[in-house]
Structure formats: structure tokens, C-alpha cells
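K.L.:
would you be able to build a 3D model of this:
(4 chains)
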Amino acid sequence: MTPADVTAPGPSSGPGFAPEELLAVTLARLILDPTARPARHIAVGAASPIPAAACWLVAKLGHPVRLSLLHKRSGNPFTEGTRELFDLTGQGRIDLFFLGGGQIDGQANLNLIGTGDWPGMGVRFPGSFGSAFMYPMAHRTILFREEHSPRVLVQRVAHVSAPGVSPPGVFRRGHAQALVTGKCVFAFDPVAARFTLASLHPGETVHSIRAATGFDFDAGAAPQTAPPGDAELALLRGPVCDEMAETYPEFCGRIWGRGQAA
Amino acid sequence: MTPADVTAPGPSSGPGFAPEELLAVTLARLILDPTARPARHIAVGAASPIPAAACWLVAKLGHPVRLSLLHKRSGNPFTEGTRELFDLTGQGRIDLFFLGGGQIDGQANLNLIGTGDWPGMGVRFPGSFGSAFMYPMAHRTILFREEHSPRVLVQRVAHVSAPGVSPPGVFRRGHAQALVTGKCVFAFDPVAARFTLASLHPGETVHSIRAATGFDFDAGAAPQTAPPGDAELALLRGPVCDEMAETYPEFCGRIWGRGQAA
Amino acid sequence: MAKRGAVGSAQGDAPMTPISLEAMAASVPDGALLALPPDNSLPSVALAMALIRGGARGLRLLGVPVSGFATDILIGAGCVAEVQTSAVSLGEAGFAPRFTAALKAGTITVRDATCPAIHTMLQAAEKGVPFMPLRGLIGSDILAHRPDWVVQQNPFGPLGDVIVLLPALSPEVAAFHAVMADSYGNVWLGRRRECATLAHASQRALVTVERVVEGNFLEDERLAPGTISATYIEAVAIAQRGARPAALLDEYGFDAAYVAEYASMAKTDAGFGEWMACEVFGQVRAA
Amino acid sequence: MAKRGAVGSAQGDAPMTPISLEAMAASVPDGALLALPPDNSLPSVALAMALIRGGARGLRLLGVPVSGFATDILIGAGCVAEVQTSAVSLGEAGFAPRFTAALKAGTITVRDATCPAIHTMLQAAEKGVPFMPLRGLIGSDILAHRPDWVVQQNPFGPLGDVIVLLPALSPEVAAFHAVMADSYGNVWLGRRRECATLAHASQRALVTVERVVEGNFLEDERLAPGTISATYIEAVAIAQRGARPAALLDEYGFDAAYVAEYASMAKTDAGFGEWMACEVFGQVRAA
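P.N.:
Predicted coordinates:
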């Protein structure tokens, strides 16, 4: 197969990288944030090719990290059944997890239930999966949602699948480290229960982010999101794609022009 | 191998059966007691050849019964590790269990800890194993101890590993059905928390039992313990011995003159 | 006849006789609390289809811990009154269309949970305890909508350290698909141990298998670790490729095209009806 | 160097290098809470002997859920300060002589438990909850001597339905013997899943194996069900016949004569000393 001409990045076609590549590299840098607890064991859940690419990039950069990819097509990392991910997390062995949501609000609450009356009589989302447990029990969580719109990023979620912060005294191991969208990166402060704009993806401004965001947030002098470096792009397009092709053939084909048979 | 002449029973050598055969048949009849909950799944614990023989006899008599023999030498019935017996019992799936004790008292309390100050500074027994759970949680328990002496059958145990009865309101599924010793069978009444002499083994009298028993008990017109029938003896000496030879070679050799290699 | 789990025989004595898939489906009473694993965890899609053909009604489904294709077709066929689950999804093929339609139409009751809570409720039943605690959950609206879940002070923690206690959940019937059964009704399902926990926790476990093989898995140290003892299995039925379109370990893969076509057709009542007539009742599809 | 469990590598990246048995023993700090399975459940007798040779002191042993040969020799060698267990026994060979002697001499503290309570405390640690309930136990003097066990009203039951709550127990070190490890430090131990629970619950799991083989057990549907992932394994050491005199699945049987001879010699301090000099330190036995 040859790369799909329409989406394949190249020196003469814009910024030289696909938006998905920028997001993967951005997530990888958040994983490696030297001020955060080291991510030695990361679990990646359902249908998350960009977080998976970020994790593989961290591994291929040579960092010691164990990846538990829940939707690996052949085999899976667990031998105790599907409860093992939750037991591992309960034990404190999962340093980092990724979560998204049909709605995410300014206090980092997640809604995977739906809108309208309980249990989602407006728009019904699939359901909460393990979020009500994983969010407080993983050491840190990176929130990831490509769609950045007032529909998704709301002032207050219609229903809380998993809360962004917990009352004093309630056992909680971690919080959202950041929220990464198709437009920007927000950092989350669990004490203030509030997001701060951390960086803007190419073409975005504080104004455009405010317009696309249903919740209020702090904004200082947010820099551009740093573009992928050549080494990162080479790893993504080579060894990372190799690892991901079996599990995410559609993604690898779309972004890197490579399918399962490659 | 040929049967060991000293212990092998025969028409010309006494009652025609070994004491162990009488005990196995007596236990089998208690297992099959039509007034008790049917024993569809029986678990047999450590180093219990006579209860194991009783269970195999019940099976070979054609009764539908599942045996979980915890000390089967090759393999074992469980695939969840050693907790599975306790989980099964917690689920209510174990109809009958066997227990003994270093001391057994008149209220059917069991002591597997020892005598003297806690934890057995006089004579130390091995410890309680799972008795504190199995005794209340199995649907019924047959107590079995060959040694019948005032040392073992005491007025009050020095320490309670597992209580014979429980206070009102405390969840308990079953109690001792009976206590079988080398001298007699006692029935247990959990409401009165008291044993009644049910039958006397050959050569015993109510007087001889009182002399050998440290606890008080009720005694009506206790009959002789019914001797093994020919069919039962034939099953014990043939198919039951076949099943047991691998796990209990010493026992099968001593009673039936058969070892593992037979 | 079905081999009753608790009326098994001493090892080596009573061979197991499989029953038919239709007889297995008929043994599930209307209104039963029926536990089903999702598409990545050995669902018996064959049994779900047999339940539809048998006209099952009022089933209360439990997702272990989420729900997938089998749940959606049972809902679409009108077999279901209630779903307790942590999510309902067709994976890459998107939302479950019949689930969503029935929820909106008010024809099913949906009780939301979260994955580890369902595992925990089943583990409590497996262990024979009335409840088990679980961390997390506090502050979630799932908890707010579960009056059967109790929040209590942790007696081993500092004052104010509250924790959720979840009641034991023992499904009336558990159904899943495994690779094989042996002569004695033991079932080999490999690493998908959530189905073992489910079988332990449930009152009746019904298992469809690809095949029945000679021997006793419990006597084989290589097979025993992935085996559920016949103690827990009420009946076995042979259903070749019985998990499809879901995958079965290394036996066959997920049929993404089949599910995608289903997801497309099942967007409407009529489309689902057409799909069901063809795929469940074996009628020739209208041109 | 030891492979740290939590600092493993992405699948396929970091081969595991076994360490020596003596280095493994040296990694167990004096005073550690060390969990050991009994003779029917994959004990690492090889590591117990290495701990004796290494002069371990003050160990607090946990029987999972009972204790056997390895515990008795560690006690006899003066390595042990405390034992928490549900029983200590040499099986057919009778009572454990060095345990009994040390208890009487007051050189060890004995904390009695009951088998399912130990499983439950480890399961609570495995699940990351502060406690788990367990039925039974009420009325036992074991409970009366365990101020760390709490009796509480069952919030889901009628008034007066009290139940025992057991605190999570996370051993500092777990040690056991398995059949084999693979290239990535995954360990295959078959159906003895109590060792898997133990590894999950413990802070460090040390495993001796008969052999290390090429490949990745987690990628093999037949081996995966009996495998503990390297995530939980801190270090692997090769110790051929490392469970002896205990049995290892279908690899080798229990050496009853060896244990009977031990039980006889260990009845006295002098006899145990002679046995240890010969069997642990490899000295030629005195004529």
C-alpha cells in the first residue's frame, strides 16, 4: 500500500504533520511531564487510537513503560478476566489512564450517560464503563476528546458519570492532569477545580477557544502547542504504526496509509 | 501384594470386618440419612481416609454425589486455587463436610488450637484450618474422631476453633449432624446444644461410653451400630479401594492389603 | 436432559450429555435475570438468537460488565424488560441502536452501573457474602440512582473515610460461549475468567460450546487453569461458531463487517425486522 | 538486577533476566512480612533454604492459608519472629516440630487465623479495598484474639445479622515456586491461583522456577489462563526442583520419605541442627 495522498503529511502539504500526529505527540509529552508521577504502567481503553499511539511513542522513545492495551485484538494483557484492570487500579499499580466523555465540564466532571432526564432520555451515550472507579483510583488521568465544541465542553454536565474532584476525606488517588482536544490543551487544578488554557493548537486563539468552549477557564499567555519533532514523527510513522496496525487498521490506514496487511 | 494377615478381616477372624470398615459404613449411612438434606456435593479434607471411603461407598452404591477430595494426589478438583472450597461453601453448594478436633465438647464445639493458655501453650494442635468458616457454612457436618477418650471428648474445650452452635440472628447454615468415634455414634441436637447416644459399636455399653466420655450426654435405648452388609464390604474392598489407593496408599495397604501399585 | 450442576457425580462416573440449543433456550423462564458477557468476552450469540426464536419475554439482562450485540438483538426482538449494565455499545460500529430506541420509547428500564461495581457484586455472590466494598463511585450520579448501594464509614479508616458497599448479585441464569466441554461437563474458556466468576455467582450457568471432547480437563494441568468445573454448569449445548459475530479467543475473529451491517439496518424498526427475519429466523431476505 | 514489577516494559521490549537464588534471598529484608504457600501449593523451599543460608532474621511469616515444611525449617533456623497462619503441619508426617518447640519456648509469636480469612484479607488487598466481609467466624476464639478483625451489623441484613470485616493484608514479600517463566518475566503456575492472588496482593513477588523458556505466555491462549503477568513479579530465579520435598503439579511428586525423616530428626534441637547442616548447608552428615 502507498500512503493515502489526501491525508498523508509531507513537507509541501501544510504543517508537515497530521492533526492526529500533533495530538499523539502532545499526549506523549504530557505522559512524560517531569513534574508528574512517573507513568510506569499505563492502561488504554476502548477505541482510543491516538492515546495508544502516544503510549507507543513513549515506549519507542526508550522510556520504561508497561502498556495494558485493553482492546488488543490478539490476546490481552490480563489473565484474571476483565476485573483485573480494576483490581490493578485498586492496587495503585495503574499510573495513568485516559478518559473522555460525551460531555466534560469546567470542573472536569465526565458524563458518559447522556442528556435529558436520567438515564439519558435526551441523547443517550453508551454508558459510564469503569469511569466512576478509574478516574479517582488511577494516579493520574489525561482527558482526551477530539471534538472541541460547546456541545461537548459544557458549563455543567447533565449527569456525572465520574466526578472531577471529590469531597475532603473521600479516598481519591488522582485527578485529571489535563484535557487535550482538537483545538488546545487545558491543564486542570484539582484544588481550584478549574481548567487553565495551557497551549493552543495551530490556528487557534484564546478567543476561538472561548467561542468553542461551554465552560469558563483561566487563560494566561498560552503558547502554541509545540509541533512534533522529526524524531517523533519518524517513530510514529514507523515502529508505532507497526505496533498499532493489527488493533487499529482503520486508523493506521487513514493517517499513515497502512492497513493490517502492511 | 497380599493382604496383611494381622488386620485383614475374614469369616474366621472375629466380626468379619475391620473397625475401619464399620466406621466407613456408619458414616455412609449418616450421609444417606433420608431425614437430612440430600448430600449432593461433599468435600473431604486433609488426611481423612475413613470419611473418604464412606463418600466413595455412597458413590459406588449408585447415589448421585459429587466428591471434592482436597488431598487427591494427582490434580485437585479446583481451578480457582485453595479459596474455591471456601467460596463453594459460602455459595451454599457444599452439602456436607467432615470435621474433627483435638478436643470436642458436649456442645459440639471444636478445638484445633491446643490446650493451656492461648495459643496452645499446653499441647499445641496444628491450628484451626478452615473450621471456623466451614462448620457454620456447610449445610451439615459430620464430626469424626476415632479416638474416644476423656482427653478428646471433653466437658468444655480449652479454646473454640469453631462453635457448635451460634447465637440467634447470626447467619449459620448448618450444624453437626452426628459425632462418630471408635466406640459409638452420637446424634447432635443444635437447639438443645447436646449430644444423644445414637448407637454403640460392638463391645460397647452405655456405661463404657460414659466412662470414656468427658462430656455429659443423653442416652436412651441405644442400639448396636448396624454392621456392614456384604454388598457394602464388597464395594469397600473392591471399587472403593481402587479409587483410594493413589491418595491413601498407607491406609489401603493396612486395611485391605493394597498399596498404590495394586 | 440437562445435567444439574449440583447433582453431578463423583469424578469419572457420570458422562455429560449436551442438550439442544433450543432446549437450552426454553429452559430460561420469562422474566429471568439473565447475565451476558459482552462482545469481547465470549457471548453466546447463538443462545440469544435461540431465545428470540423461542419467544422469550420480560428478560432482565445483566451486562458483565457491559453489553453488546447479543443484548441489542434481544431488546430489538422484544424479549427484554430491563437492562442493568455499565455501557451498551457495538464497539467500532457505534451506539447500540435497538437499546437506544427502546430506552427512548420507554419499553425497557435501564439501570446504570459501572464496570468494577458489577464485578464486585458478582464476586460477593461468588464468595457467599452479602456485600463487598468498592472504592471510587462517590460523587457519581450512578450512585445517586442506586438506592440499593450503601455508603458507609470505612471502619478501618479515619472518620469521614466513606466507602460504597455493594450488595451480592446472583443472576438466575448466566449464559456464555466457550471453546469446549469435556466428557464430564467441565468447560474450558481460557483466560476469560469473568465468565468463571459469573458461573460461580449464578444459580444456573448455561454454556454453548464449539465442541465436546473426550477426557477430563481437571486432570490435565495444562487445561485445568482455564476450566470451569462442571459443579457450576447446569447444561451444555453445542453451537458451532456460537459467539459470532463476536470473536472466540484464537478460534475465530470478530466479524466487524457483520456488526457494521447490523448497526446500519437496525437503525429503524423495519430494518431490524428485516435483519431478524433473515439472520435469526433464516428467512430469505427480500430482494 | 531484579526486574521491578512496576517498571516493566511495553510488550515485547524488555527481556527478563533471572537473578541468582542467593541474590533473591538477600533482597528480603530482616523483619519482612513474608507470605509463603504450604506444601500442596508451590512453596519455594529452595528460597527458604537460601534465606537460612543468608542468615535472615526476624521474618514475619504468613501462611497462605496454612504453613508447612518451609515455615518449619525457617523457624528452626532462627529466622522467624512471628507466624500468622491457619495451621502449621507436615501433613502425613504430623505436627511441625520446630514450630511447636518455638511456640513453647516463646521465641516466636503465633497469630492464629482460619483459611478463608487469610484468603479474604489477601483478596481485599488484591482489590484495593480496605476490608472485605466474611461469614462464619463468630463464636470462634480466633476472632476473640484478633482485635484487628471487626464485627459489624450487615447493612443489607435484618437487625442482629452481624458479620466479620477483615482488613486488607498486603505482604511486603510473597515467595513461591512455579513451573516456568518466559522471556518477559511472566510466570506459569497452572491452577494454583492462590499464588496469583498472593502476587497481586503483595508489594514484591519473588518467584523461583524450574526453567525459563522462550516466548510470551500471555500471547498463548493455552498458557495464559495459568500465567501471572510480569506486572506483578519483581524477580525470577531458577531453582531446579525448587519445591522439593513438596510436589510441583505433574512435574514431580511429594517426597514423603524426606519429610518423614525431617520430622523425626527435627524433634530435637540437635537433630534439627544436624539435618540443617547436611541438607541446607551441604555439610557431610556426621557418621
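K.L.:
which residues touch residue C:80?
P.N.:
C:58-61, C:71, C:74, C:102, C:108 (C-beta atoms under 8 Å, 6 or more residues apart in numbering or on different chains). Bear in mind the C-beta positions are built from the backbone N, C-alpha and C, glycine included.
K.L.:
residue C:147 and residue C:119: what is the separation?
P.N.:
Per C-beta to C-beta, to the nearest Å, residue C:147 is found 21 Å from residue C:119.
K.L.:
dihedrals phi and psi, whatever residue of the stretch 151-262 of chain A ends up closest to chain B?
P.N.:
Nearest residue of the stretch 151-262 of chain A to chain B (C-beta to the nearest C-beta) works out as residue A:171 at 25.9 Å. When read as degrees, to the nearest 10, the backbone of residue A:171 gives phi -60, psi 120.
K.L.:
shouldn't it be in contact with residue C:161?
P.N.:
Yes. Taking C-beta atoms under 8 Å as the definition, residue A:171 is a contact partner of residue C:161 at 6.1 Å.
K.L.:
in the chain, which spans are strands?
P.N.:
Let's take chain A. Ranges of strands within chain A are A:41-44, A:66-69, A:96-99, A:103-105, A:110-111, A:140-145, A:153-154, A:175-181, A:184-189, A:194-200, A:218-219, based on DSSP state E.
K.L.:
ah, no, chain C please
P.N.:
C:33-36, C:59-63, C:80-85, C:109-112, C:131-134, C:150-153, C:162-167, C:173-181, C:187-188, C:204-212, C:227-228, C:235-238.
K.L.:
now the ones you listed as JSON lines including mean pLDDT?
P.N.:
JSON lines is the format used below for the strands of chain C (pLDDT from 0 to 100):
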{"stretch": "strand C:33-36", "mean pLDDT": "98"}
{"stretch": "strand C:59-63", "mean pLDDT": "98"}
{"stretch": "strand C:80-85", "mean pLDDT": "98"}
{"stretch": "strand C:109-112", "mean pLDDT": "98"}
{"stretch": "strand C:131-134", "mean pLDDT": "98"}
{"stretch": "strand C:150-153", "mean pLDDT": "98"}
{"stretch": "strand C:162-167", "mean pLDDT": "98"}
{"stretch": "strand C:173-181", "mean pLDDT": "98"}
{"stretch": "strand C:187-188", "mean pLDDT": "98"}
{"stretch": "strand C:204-212", "mean pLDDT": "98"}
{"stretch": "strand C:227-228", "mean pLDDT": "97"}
{"stretch": "strand C:235-238", "mean pLDDT": "98"}
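K.L.:
what about residue 178, neighbour count?
P.N.:
Here I'm looking at chain A. Using other C-beta atoms under 10 Å in any protein chain shown, residue A:178 is surrounded by 23 other residues.
K.L.:
sorry, I should have been clearer: chain C.
P.N.:
Neighbour tally, residue C:178, other C-beta under 10 Å: 27.
K.L.:
quick one: it and residue C:207 touch, right?
P.N.:
Yes. Using C-beta under 8 Å as the test, residue C:178 is close enough to residue C:207 to be in contact (5.5 Å).
K.L.:
overlap in contacts, the two.
P.N.:
C:187, C:228.
K.L.:
ends of stretch A:220-232, what's the gap?
P.N.:
28 Å (C-alpha to C-alpha, to the nearest Å).
K.L.:
give the buried residues for that stretch.
P.N.:
Buried residues in stretch A:220-232, counted by 16 or more other C-beta atoms under 10 Å in any protein chain shown: A:222, A:225, A:227-228, A:232.
K.L.:
from these, which is closest to chain D?
P.N.:
Closest approach between the buried residues of stretch A:220-232 and chain D, by C-beta to the nearest C-beta: residue A:232, at 16.4 Å.
K.L.:
roughly how far apart are that closest one and residue A:243?
P.N.:
Taken as C-beta to C-beta, the span from residue A:232 to residue A:243 is 15 Å.
K.L.:
please apply the same query to residue C:29.
P.N.:
Plainly put, residue C:29 is 48 Å away from residue A:243 if you go by C-beta to C-beta.
K.L.:
for residue C:226, same thing?
P.N.:
27 Å.
K.L.:
got it, and residue A:206?
P.N.:
Residue A:206 is 37 Å from residue A:243, by C-beta to C-beta.
K.L.:
these two: who's more crowded?
P.N.:
The neighbour comparison of residue A:206 against residue A:243 (other C-beta under 10 Å) goes to residue A:243, with 24 against 15.
K.L.:
what's around the closest residue in space to that one that isn't next to it in sequence, how many residues?
P.N.:
Distances taken as C-beta to C-beta, 6 or more residues apart in numbering or on different chains put residue A:56 closest to residue A:243, at 5.0 Å, once the chain neighbours are dropped. Residue A:56: 25 surrounding residues under other C-beta under 10 Å.
K.L.:
residue A:56 contacts residue A:240, doesn't it?
P.N.:
Yes. With contact defined as C-beta under 8 Å, residue A:56 reaches residue A:240; the gap is 4.3 Å.
K.L.:
let me see the ranges of the helices in the stretch 101-250 of chain A.
P.N.:
Assigned by DSSP state H, counting those that start in this stretch, the stretch 101-250 of chain A shows helices spanning A:131-137, A:206-212, A:230-235, A:241-244, A:249-256.
K.L.:
hey, which of those is tucked in deepest?
P.N.:
helix A:131-137 (a mean of 29; mean count of other C-beta atoms under 10 Å in any protein chain shown).
K.L.:
so which elements touch it?
P.N.:
helix A:83-90, strand A:96-99, helix C:115-127 (3 or more C-beta pairs under 8 Å, 6 or more residues apart in numbering or on different chains; DSSP states H and E).
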